[in-house]
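Engineer: next input, structure requested:
(chains A and B)
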Amino acid sequence: MKVDRRSFLGLGLGAAAGVAVTPATWKLMDDSSIWTQNWPWTPVPPAGEATYDNTVCSLCPGNCGIMVRKIDGRPVKIEGRSDYPVNAGGVCLHGISAIQYLYDPSRIKAPLKRENDTFVEITWDEALDMVAERLTEIRASGSADKIACVTDQTKGTIPGLFARFLKATGSNNVYAMDTMEKTWEITLEKIHGGRSSAGFDLENSDFVLSFGAGLIEGWGSPVKNFKINSSRKERGSTLVQVEPRLSNTAANADVWIAAKPGTEADLALGIAGVIIKESLFNSAFVTASGKGFQELAAVLGKNYSPEAVAQTTGVKAAKIIEIARDFARSSAPIAIAGRGRGMSAGSVREFSAVHLLNCIVGNINTKGGVWTLAAQDYEKWPAVEMDDLATAAFEQAPLDSAGSMAGLFTNAGKEKNIEALLIHQANPCFALGDAGSVTEAVKKIPFVVSFSSVMDETTQEADVILPGHMLLERLEDRPSGAGVAQRVTGLSRPVIEPLFNTKNPGDTLLELARKMEGTIGASFPWESYEECLEAVTGDLWAELSDQGYAAETATPPGGGVKVDFSFIVKSQAPVEMEGEAKDFPLVLVPVDNVRISAGSLISSPFAIKTVSDNVLKGKDLLVEINPETARANKLSHGDLAVIETPKGKATVRVNLFEGIMPGVVAMAKGLGHVLDNNKYVGGKGVNINELMGPIVDPVSGLDAAWGIRARLSRA
Amino acid sequence: MSELEEKTENGSTDASGQDASREQGKKGDAATGYGVLFFIGAFAVCFLSGWLLFPNLLYSKKEQPFNFNHALHVDEMGGCDACHFFREDGSFSGMPKTSQCIECHESQLGDTKDEEIFITEYVEAEKEVPWLIYSEQPDCVFFSHAAHVIKAGMDCRSCHGDIGTSTTTKTYEENRITGYSRDIWGKNIWGIKKNSWDRMKMDDCAECHERETGSKGACFQCHK
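Structural biologist: Coordinates of the predicted model:
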């Protein structure tokens, strides 16, 4: 038998014919098509029962009501709570991606202690014992006043527990980030007397004059302001944005005025001068409530004529007069300060100059104006028990007299020593000006305890980490602030069981206090944080726990308000930038980008994915400059360049943008995180705080830096 | 006519030439014979493999975690919806959770080995039973039980057959390529069905939709 070509043909044809009359071919075709539609490696979320839980977002001071959609108890989606007074159904991109924070690769999964350069997992008992013993030793050595605590904010029962713990140990060193809220409080106190928080009734205002406030960049309570801004046209309200670059808010505004950065206060005083000179001010209000108005009018007439202000600010005199007239002739005009997102303090001179505009048109505590809101007083704490050690130490002056976190670390790097530092949801090694020096200062502190949920830059310097629950795992009250003209207290509640071996920082503190025994333990009589919250919120608890929030009606505070114009006359020295113009011809200004979280919170991977290629391309940060600046510095779009300031230098890329003033360099805040495990956010861009230092405001003592001199050259 | 043309027309008149041609013809017949033989052989092997071996190779056989007696439970509990119920929001609960079963089976009720496995390995261990679902559709298929059962008043049996009267759980056959159950394509490898519940492919949905609604339906009705 000879096998030839024909035999092979026969074999092949036979096989083909044989297979063709079986189902195999057709079945395999069908199966392969199904396979291609359902790649086995594509994750498919399991189906299950859908349930919804209400809670309050605690990622920023906006405190939006959110609804968490869960499938078989697993959170899968976040939506805005439509019946919530602050955000009325809206939610921002950080809020919708909050679920990612639960599974963040930087999360700390168990208590850790530092051993040489690494962290070692320990039990909660060991960790708490270590902290209790060390703090007891420090107290025994008479240095209780050298224990400091930094938190993200001062309001609410968790910051309240930290302050109480510090007081019980004998320290009055509790600091929160310097924000516009603090500067507004100081401004209102100086001008009107008494402690109050600023509320801005933007919803009912028909003319908003914003001095750099990024209303759609996340200023104040972000979602609330997005909504207010989007209804502007139908409400017939005008927005005038003063800013050296065409931000989203400026692009969206009716009028954009590009004043030279740092001259906003001068522009406000110039506008006020025109209003007074043309007698457009509310004379009835000024006469009845004002003090020192004549002196102010004289100073403004003399030093802040439209021509003089035009010279300083670069805004034409005619424009200043036009804005002044439009502002004063509106029925509910409001002027607001607090640059970008309002997460930095700013200068009291600038805030008071802006607030002067509200004062002379009499739009204080009226519909559509600025409200002086009394502090929320629902927290009813029992007296702190203090032993002799605590009482004596508590009398000592705080480590920074102004209560500024920036000041605390500047001092820490100098003569005053912090013996122990407790950190709760604050990331000073990243978020404070001159972050490099802050990190050095933190390294020098002998004992650092972090309560953080993630391994951020500050926590990396800790000696002991007592990891906290994340949002969606933790219970916490969230009092309103952030310039909202209504007092709303939200309840952030756990919607799932904690994923890792973490604790609510409230519970951690209670256990720590009990371990320290004596009066400290006695000052914390509650079994759990939940019991403490229920007891401390008192009458409010029923409403809080029932509907998830307690809101007061949004009505202007009653009672008259006094205006001390003489303060504005007194505080006239502008906050100057660091650096000499001859060495550093450009001005570097930080920019808040709504897609990047710039404070202590680290952006989620999703948020970073949405950042434009003109801000962050790959790992490179792009600085914005005018094409004219680029020509002068021999740069073109996309070029690698070195930016240098008196504080440091960094390599960046160049983005040419017609919407920025020549001579100004804008850089996004919140990038350049150093996070070992988080490749999604870590190692991307440059941290502007490495290039800018704090500048102490002469009135408030807070960090008033708004920019720094810089130079830019091809890399 | 030239000599050459004649040769071409009538073939060679040369005797030796005729012999060579005959010889070739014989060889050719033998080669064709082998070719046919190979054809038949290959046909037979592939045909038999396609019908007999292929279905066995395509599906892997898996057993359920333990045996489940539907008939007994339907008797005790009432209809299908006693365990496979609609939630308040109209979504279908599908496979019962252990927490549901615990309502009756907190401890062992009967004396079967299967119930013992359920109690010790799942109830006491607080675990869900990893049931293999015969009617599981690909993720790209959207199906609303509510629209079919509540709105259109269909019987569970129309698609799921007589599973409610079964006393044991049959072997689950998993398609090695798609990962889905054999019941979607149907037991018949040629895809022939006798009953409406024999298959759950798209054509089967379309067939019923066309009959009941006059249209096979649009793509995005099911592929959302």
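Engineer: straight-line length of stretch B:179-192, end to end?
Structural biologist: End-to-end distance for stretch B:179-192: 21 Å, by Cα to Cα, to the nearest Å.
Engineer: show the residue spans covered by the helices in the stretch 351-500 of chain A.
Structural biologist: Applying DSSP state H, counting those that start in this stretch to the stretch 351-500 of chain A gives helices spanning A:388-394, A:405-412, A:428-431, A:435-444.
Engineer: between the ones you listed, which one is closest to A:Val223.
Structural biologist: In terms of Cβ to Cβ, the element of those nearest to A:Val223 is helix A:428-431, at 22.1 Å. Using the backbone N, CA and C atoms, a C-beta is placed for each residue, glycine as well.
Engineer: could I get the contacting residues of the residue in chain B positioned nearest to chain A?
Structural biologist: Closest approach between chain B and chain A, counting by Cβ to the nearest Cβ: B:Gly50, at 2.3 Å. Applying Cβ atoms under 8 Å, 6 or more residues apart in numbering or on different chains, we find B:Gly50 in contact with A:Gly18, A:Val19, A:Val21, A:Thr22, A:Pro23, A:Ala24.
Engineer: count of residues packed around residue 43?
Structural biologist: Picked chain A for this. Per other Cβ atoms under 10 Å in any protein chain shown, the neighbour tally for A:Pro43 reads 7.
Engineer: switch to chain B, that's the one I care about
Structural biologist: 21.
Engineer: contacts only, for it.
Structural biologist: The contact partners of B:Phe43, taken as Cβ under 8 Å, 6+ apart, are A:Gly14, A:Ala15, A:Ala17, A:Gly18.
Engineer: mean pLDDT lowest for which of the helices of the stretch 351-500 of chain A?
Structural biologist: Least confidently modelled of those is helix A:405-412, at a mean of 82 by mean pLDDT.
Engineer: in that one, what's buried?
Structural biologist: A:Met405, A:Ala406, A:Gly407, A:Leu408, A:Phe409, A:Thr410, A:Asn411, A:Ala412 (16 or more other Cβ atoms under 10 Å in any protein chain shown).
Engineer: including distance to chain B, could the residues you listed go into CSV?
Structural biologist: As requested, the buried residues of helix A:405-412 are exported to CSV (distance: Cβ to the nearest Cβ, whole Å):
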residue, distance to chain B
A:Met405, 46
A:Ala406, 51
A:Gly407, 53
A:Leu408, 49
A:Phe409, 49
A:Thr410, 54
A:Asn411, 54
A:Ala412, 50
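Engineer: from those, which is closest to A:Glu580?
Structural biologist: Of all the buried residues of helix A:405-412, A:Thr410 has the smallest distance to A:Glu580: 21.4 Å, by Cβ to Cβ.
Engineer: spatially nearest residue to the closest residue to chain B within chain A (excluding sequence neighbours)?
Structural biologist: Proximity of chain A to chain B (Cβ to the nearest Cβ) peaks at A:Thr22, 2.3 Å away. In space, and not counting its chain neighbours, A:Thr22 is closest to B:Gly50: 2.3 Å by Cβ to Cβ, 6 or more residues apart in numbering or on different chains.
Engineer: what do you get for A:Leu601?
Structural biologist: A:Leu59 (5.6 Å).
Engineer: is A:Gly199 bridged to anything, and to what?
Structural biologist: On the basis of DSSP bridges, A:Gly199 is bridged to A:Trp371.
Engineer: from A:Pro556, how far off is it?
Structural biologist: Per Cβ to Cβ, to the nearest Å, A:Gly199 is found 9 Å from A:Pro556.
Engineer: same check on A:Ile334?
Structural biologist: Where A:Pro556 is concerned, A:Ile334 sits at a distance of 12 Å (Cβ to Cβ).
Engineer: what is in contact with these two at once?
Structural biologist: Common contact partners of A:Ile334 and A:Pro556 (Cβ under 8 Å, 6+ apart): A:Asp201, A:Gly369.
Engineer: so between these two, which is more surrounded?
Structural biologist: Using other Cβ under 10 Å, the more surrounded residue of A:Ile334 and A:Pro556 is A:Ile334, with 26 against 19.
Engineer: quick one: contacts for A:Leu712?
Structural biologist: A:Leu586, A:Val623, A:Ile625, A:Thr629, A:Asn633, A:Leu635, A:Ala641, A:Val642, A:Ile643, A:Glu644, A:Val654, A:Val665.
Engineer: how far off centre is the helix or strand hosting the fourth one?
Structural biologist: The one in question is A:Thr629. If you go by DSSP states H and E, A:Thr629 is part of helix A:627-632. Between the centre of helix A:627-632 and the centre of its chain there are 33 Å (Cα atoms, centre = their mean, to the nearest Å).
Engineer: contacts only, for B:Cys156.
Structural biologist: For B:Cys156, the contact set (Cβ under 8 Å, 6+ apart) comprises B:Cys80, B:His84, B:Val149, B:Gly164.
Engineer: dump the residues you listed to a markdown table, plus neighbour count and secondary structure.
Structural biologist: Listed next are these as a markdown table, based on neighbours: other Cβ atoms under 10 Å in any protein chain shown; DSSP: H, G, I helix; E, B strand; the rest coil:
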| residue | neighbour count | secondary structure |
| --- | --- | --- |
| B:Cys80 | 18 | helix |
| B:His84 | 17 | coil |
| B:Val149 | 19 | helix |
| B:Gly164 | 16 | helix |
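Engineer: quick check: of those residues, which lies closest to A:Leu389?
Structural biologist: B:His84 (66.7 Å).
Engineer: now for that closest one: which residues touch it?
Structural biologist: Under the criterion of Cβ under 8 Å, 6+ apart, the neighbours of B:His84 are B:Phe92, B:Ser93, B:Gly94, B:Met95, B:Pro96, B:Cys156.
Engineer: what does chain B put close to chain A?
Structural biologist: B:30-32, B:34-47, B:49-51, B:54-55, B:58, B:87, B:89, B:91, B:93-94, B:138-140, B:175, B:177-180, B:185, B:189-191 (Cβ under 8 Å from any Cβ of the partner chain).
Engineer: could you chop chain A up by domain?
Structural biologist: Residue ranges for the domains of chain A, per the TED database: A:5-38, A:50-103, A:124-176+A:382-484+A:488-551, A:180-216+A:231-369, A:586-714.
Engineer: including distance to B:Thr112, could these go into CSV?
Structural biologist: Formatted as CSV, the domains of chain A follow (distance: least, Cβ to Cβ, whole Å):
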stretch, distance to B:Thr112
domain A:5-38, 36
domain A:50-103, 29
domain A:124-176+A:382-484+A:488-551, 34
domain A:180-216+A:231-369, 65
domain A:586-714, 49
